[in-house]
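Colleague: only geometry, no sequence info:
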């Protein structure tokens, strides 16, 4: 799906960050290789591979898929995820995370561990979004909260345990390490799956994960996310989000609101698959994902 408002980021067209602001303080948190069928949603727009039934696909995963790219190096999952969110707000497609890594260095929001791998926490992600002109906040929530934000058109970056999503954890060993950041782009209530834009995997565009798997992976961060304060502008590129705006579209694709009772269904799912909320401590652990070796 192409967007007439979207432009490609080029080397002679530098994106401007506000790097004069101080980083956010450590806030106390309050709590395929198979052929893909093409179907149509209720407004007739193509939604590749996702069945929209009675408005039960929440979010705009196909629209957001325009902005996915695989991160260039280990430790760059946060700037890569932020770049994808900023693309949705500005209509300017970033093909890689280079501009955001540079801005993160200027903002001093990277931490380099003893292994030499850079990492960034959720406060750093919020600072980087703010510097790019996209107001956001840190929130601890649940699957119903995710569905509510997606239904409102907000963009969501989740802190997760990558091994649980990629299936690379050692059998019988749970490290409970929130070491990765992904963009949640949709929830398919019919099939009980979450749709991710995952920069750490070569198969991360429109990556589908069972909701119970995502819930377990997300629980390792204490169910922490960085969520934008508003939806992107309806024109997909007016610049900054308009406070209080309630656009009906995101990047030209129809936002399908959940039918009455759909969120109750997610609540039932949570009841059937209880998730233990890990107590959240100030200064959540760093997210520094290893790029997946899966091909």
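Modeller: Thanks, I have the structure now. Every value quoted in this text rests on a predicted model; they were computed, and no experiment measured them. Numbering: from 1, shown residues only.
Colleague: tell me how many other residues surround residue 99.
Modeller: Other residues within reach of residue 99, judged by other CB atoms under 10 Å, total 18. Where C-beta positions appear, they are placed from N, C-alpha and C, glycine not excepted.
Colleague: report pLDDT for it.
Modeller: Residue 99 carries a pLDDT value of 96.
Colleague: one more: the one 3 residues further on?
Modeller: What the model reports for residue 102 is a pLDDT of 95.
Colleague: distance check, it against residue 151.
Modeller: Residue 102 is 34 Å from residue 151, where distance means CB to CB, to the nearest Å.
Colleague: show me which of the two is the more surrounded one.
Modeller: In this view residue 102 and residue 151 are compared by other CB under 10 Å, and residue 151 has more residues nearby, 18 against 15.
Colleague: where does residue 139 land in three-state SS?
Modeller: Here residue 139 is recorded as strand under DSSP: H, G, I helix; E, B strand; the rest coil.
Colleague: how about it, what does it touch?
Modeller: 30, 145, 224-227 (CB atoms under 8 Å, 6 or more residues apart in numbering).
Colleague: nearest to residue 131, of these?
Modeller: Nearest to residue 131 among the contacts of residue 139 is residue 226, at 13.3 Å by CB to CB.
Colleague: thinking that closest one is in contact with residue 124, fair?
Modeller: No - between residue 226 and residue 124 there is no contact, the gap being 9.5 Å when judged by CB atoms under 8 Å.
Colleague: buried stuff in stretch 127-141?
Modeller: Neighbour counts over stretch 127-141 (16 or more other CB atoms under 10 Å) mark 127-134, 136, 138-141 as buried.
Colleague: show me the contacts of residue 139 that map onto helices.
Modeller: Taking DSSP state H, the ones among these that sit in helices are residue 145.
Colleague: which one among the contacts of residue 139 sits at the bottom for pLDDT?
Modeller: Among the contacts of residue 139, residue 30 has the weakest pLDDT, 28.
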